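> Here is my input, please return the structure:
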Amino acid sequence: QLMTELQSAERDLLNEKREVEKFANQVVVLEREKGELRGELAALQRESIEQQETRLQAESPRTTSLKQRNLVETVRHKNKHITQLLMDIETMEKENNVLKLKVVGL
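Below is the predicted model of the structure:
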């Protein structure tokens, strides 16, 4: 019976180890995506600023104001999306750490 319990514990440990590895791989992917999204955000912000400057020089104040508000809203929306993705990444990292602690505890 002790042998059966030991084998069962080893199987459980192996399953948890696989799960931790899966989560670790997901964290790596999410970290890469986070970096890419931050780069995209910076590029979008630069592009937005450049477009605003160009339009400010060429368009009427009323049209410029409307387009500027639209651009600001677009950037705000993308920032919210990126923030949500970052929060998801942090949640996955926390879950990964909990699973690592469980594996170490076994």
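> Please enumerate the helices of the protein.
For the chain, the helices defined by DSSP state H occupy 2-58, 61-105.
> lowest-pLDDT helix or strand in this structure?
One helix or strand of the chain scores below all others by mean pLDDT, DSSP states H and E: helix 61-105, with a mean of 87.
> State the separation between that one and the centre of the chain it belongs to.
6 Å (Cα atoms, centre = their mean, to the nearest Å).
> How about stretch 32-47?
12 Å.
> What residues of it count as buried?
Across stretch 32-47, burial judged by 16 or more other Cβ atoms under 10 Å covers Lys34, Leu37, Leu44. (Glycine included, C-beta is placed from N, CA and C.)
> same thing with stretch 66-83?
Buried residues in stretch 66-83, defined by neighbour count with 16+ other Cβ under 10 Å: Gln68, Leu71, Val75, Lys78, Ile82.
> So which of those is the closest to Glu19?
For the buried residues of stretch 66-83, the closest approach to Glu19 (Cβ to Cβ) belongs to Ile82, at 27.6 Å.
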